[in-house]
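Asker: Pasting a predicted model and its sequence here:
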Amino acid sequence: MATGDTVLSDDSLIRRPEGLGIALTVPWYRSLWLSSVSGIAVSVEGREIPSDDLRVELGERTYRVDELREQWDVLWFIQDRLVVVVPLDEPPAEGQEVDVEVTVDLRLPYMQIAPTTYVTNHASNRRSLVAHGGPR
Amino acid sequence: MTTTLPASVAAPAVEGSGITLGLTLYSLTSEWAAGRYDLAGLLDVVDAAGIGPGIEIVASQTIRSYPEVTDDFVRDWREAFDRHGFVPSSFGCNLDTGRRRDRDMTPDEEFEFTVAQFRSAHALGFPLVRIQSAKPSLIRRLLPVAEELDLTMGWELHAPLGPNSPKVLEIRETYAEIDSPRLGFVADFSSTMHSMSPTILRKLARMGLGQEELGRLQEIWATDADIDARHGEFVEYLHSRGIAPESLGSFARLAFNMHGHVDPAEWADIMPQIVHVHAKFYYVDEHGDEPAIDYPAIVREFVRGGYEGFFSSEWEGHAFADLDEADPVDLVRQQHDLIRRSITAALSDPSH
């Protein structure tokens, strides 16, 4: 995957007590304000997870997906991972492969086309990855 | 408080020329984003490969506290630069006018956001800032700050535009009115490519385009219509072939956006105003040449025009190639050889 379409990496899946954590890379070449994230969509084993059920963690802070667009003063630094927490009845077992698809839509805040209109980027990855780490 | 680094000076790439070498850390975007290196580690790699001494950054990529810098960051940066003998070349500013969703930045916010980056650039010892907006009112307001911080402002001239595109002609007029030596252009060689890069063609092939579609894409690319018209024509063609343009993500548009085919001779029209160069490239082939960018021809224009400044190597293959598919450090080293060879040839050209 290249700079503009990399969302998942080999170690993206983290076992969590609530289910699954998915660590996302910024699908762009620079850091972006969290307000640049227009949407995040997640499917696990082909089942789409309602956006309201997702929680998004950056460092110590947690957001709902629809709260991200208000975070204009929080920088998603390019070397940091945004962890999307997906609730699952059964967290995956250690070493279990899980099929996940994640789509991130961005609005690029420095590429203005017209007033309040900006170039967008749509990045979607589907991969089967091994979940690691242990739910506490 | 304004303190300046002791000025290290870069030696000419070739004796008798004013061109100096270096790279933008943007060339290592994929490795950086993957967390392979911290900043100190990244600079160590550059030094070990001998691909300095000029170091350029995109601030929003390199600096965690963007648009500001912390005292710790400045201290670590200075220590590393002293250790390696690097020279800060260009600080890439961004203007994030769409940072908020409810409205664009006000003119005051644009000014303040840019000034914060100018101060960061100065603290890190940069003599030059790459700017993305040449709005006359903003430029006029920034000039006294640039004076105070001893910075040159370079508006980046990038594909699909060239030195004589209408938008650039407007900026040239603004520059002529203001008439300050602190205003100039950052010339990006993406403007003057003679063909599409094999790196993007390979990516599009992987995404499902066949030889015929790639052939048609290159034909449309080579015409003189503006990018919206060319992109539109290609999208129409894809439909006629039963291919959904969305299957190519943003790459079909990027092909037109990131590759321009202006004649390299046009750089001569603004040469005295070129204050920095993005020596854009995607690949160096087995003959040591860039398959889509005529380095000997472009370098000849810069040598003839008496350009003095950096050729900051910008490997942008990471926009189309996967992590570890190429080694950007080795490619930059090969491209530096190509630039040196091109300078030597230009200097010995009798028409020089």
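Answerer: Here it is on my side, so go on. Quick caveat, the model's predicted, so the values are computed rather than measured. Numbering: from 1, shown residues only, chains lettered A, B, ... in the order given.

Asker: Which parts of chain A are strands?
Answerer: A:13-16, A:19-24, A:32-33, A:37-44, A:47-49, A:55-58, A:61-63, A:75-76, A:82-87, A:97-114, A:117-130 (DSSP state E).

Asker: What of chain B?
Answerer: Under DSSP E, chain B gives strands at B:19-24, B:54-58, B:87-92, B:128-131, B:152-157, B:183-188, B:274-281, B:309-315.

Asker: which strands and helices sit next to the second one?
Answerer: Applying 3 or more Cβ pairs under 8 Å, 6 or more residues apart in numbering or on different chains; DSSP states H and E, one finds that strand B:54-58 makes contact with strand B:19-24, strand B:87-92, strand B:309-315. For every residue, glycine as well, the C-beta is placed using N, CA and C.

Asker: so it versus strand B:309-315, what angle?
Answerer: 60 degrees (axes from the mean of the first three to the mean of the last three Cα atoms, to 10 degrees).

Asker: same deal with the longest one?
Answerer: If you take the same axes, to 10 degrees, strand B:274-281 sits at 30 degrees to strand B:309-315.

Asker: do you know how far B:R100 is from A:D5?
Answerer: 26 Å (Cβ to Cβ, to the nearest Å).

Asker: Between these two, which has more neighbouring residues?
Answerer: Legend: neighbour count by other Cβ atoms under 10 Å in any protein chain shown for B:R100 and A:D5, higher for A:D5 (22 against 18).

Asker: looking at it, the more buried one is touching A:R126, isn't it?
Answerer: No - counting by Cβ atoms under 8 Å, A:D5 does not reach A:R126; the two are 11.8 Å apart.

Asker: Outside of stretch B:221-235 itself, list whatever touches it.
Answerer: B:160, B:195-196, B:216-217, B:220, B:245, B:252-253, B:255-257, B:259, B:261 (Cβ atoms under 8 Å, 6 or more residues apart in numbering or on different chains).

Asker: can you pull the buried residues of the helix ranked longest in chain B?
Answerer: Across chain B, the longest stretch assigned as helix under DSSP state H is helix B:328-347. Using 16 or more other Cβ atoms under 10 Å in any protein chain shown as the test for burial, helix B:328-347 gives B:328-329, B:331-336, B:338-347.

Asker: What of stretch B:191-210?
Answerer: B:191-193, B:196-204, B:209.

Asker: can you list the domains in chain B?
Answerer: With domains defined by automatic domain parsing, chain B comprises B:19-196+B:261-347, B:198-255.

Asker: on that earlier part again, mind checking how far the longest helix of chain B is from the chain centre?
Answerer: With Cα atoms, centre = their mean, to the nearest Å as the basis, helix B:328-347 stands 17 Å off its chain's centre.

Asker: The one residue in the stretch 101-250 of chain B that gets nearest to chain A: what's it in contact with?
Answerer: In the stretch 101-250 of chain B, no residue comes nearer to chain A than B:R101, which is 4.8 Å away by Cβ to the nearest Cβ. B:R101 makes contacts with A:35, A:69-70, A:72, as judged by Cβ under 8 Å, 6+ apart.

Asker: now for chain A, which residue lies nearest the mean position of the chain?
Answerer: A:L24 (4.4 Å; Cα atoms, centre = their mean).

Asker: hmm, back to that, which one (most neighbours) among the contacts of B:R101?
Answerer: A:S35 (22 neighbours).

Asker: Before we move on, what's the pLDDT of the closest residue in space to that one that isn't next to it in sequence?
Answerer: Excluding the flanking residues, the one nearest A:S35 by Cβ to Cβ, 6 or more residues apart in numbering or on different chains is A:W72, at 4.1 Å. What the model reports as pLDDT for A:W72 is 98.

Asker: ok, A:W72 touching B:R100?
Answerer: Yes - contact criterion Cβ under 8 Å: A:W72 and B:R100 qualify, at 4.6 Å.

Asker: tell me, what's touching the two both at once?
Answerer: With Cβ under 8 Å, 6+ apart, A:W72 and B:R100 have common neighbours A:S35.

Asker: The strands of chain A: which one's closest to chain B?
Answerer: Comparing the strands of chain A by Cβ to the nearest Cβ, strand A:97-114 comes nearest, at 3.8 Å.

Asker: Show me what the closest one is packed up against.
Answerer: Checking 3+ Cβ pairs under 8 Å, 6+ apart, strand A:97-114 ends up next to strand A:19-24, strand A:32-33, strand A:37-44, strand A:117-130.

Asker: Quick one: closest of these to B:A121.
Answerer: strand A:32-33 (20.2 Å; Cβ to Cβ).

Asker: Partner strands of that closest one and their direction?
Answerer: Counting by DSSP bridges, the strands paired with strand A:32-33 are strand A:75-76 (antiparallel).

Asker: Run through who's touching the strand it pairs with.
Answerer: Taking Cβ under 8 Å, 6+ apart as the rule, strand A:75-76 contacts A:26, A:31-34, A:36-37, A:58, A:82, B:64, B:66.

Asker: Kindly report the residues of chain A close to chain B.
Answerer: A:1-6, A:9, A:25-26, A:29-33, A:35-36, A:69-70, A:72, A:75, A:77-79, A:107-110, A:112, A:115-116, A:118, A:121-123 (Cβ under 8 Å from any Cβ of the partner chain).

Asker: Make a ChimeraX selection of whichever of those residues turn out to be buried.
Answerer: Buried members of those, defined by 16+ other Cβ under 10 Å, are picked up in ChimeraX with:
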select /A:1,2,3,4,5,6,9,25,26,29,30,31,32,33,35,36,69,72,75,77,78,79,107,108,109,110,112,118,121,122,123
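
Asker: sorry, back to before: filter the buried residues of stretch B:191-210 by proximity to chain A?
Answerer: B:K203.

Asker: Now the buried residues of stretch B:191-210 in a markdown table, please, with extra columns for pLDDT.
Answerer: Output for the buried residues of stretch B:191-210, formatted as a markdown table (pLDDT from 0 to 100):
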| residue | pLDDT |
| --- | --- |
| B:S191 | 97 |
| B:T192 | 98 |
| B:M193 | 97 |
| B:M196 | 96 |
| B:S197 | 96 |
| B:P198 | 95 |
| B:T199 | 93 |
| B:I200 | 94 |
| B:L201 | 95 |
| B:R202 | 94 |
| B:K203 | 92 |
| B:L204 | 94 |
| B:L209 | 95 |
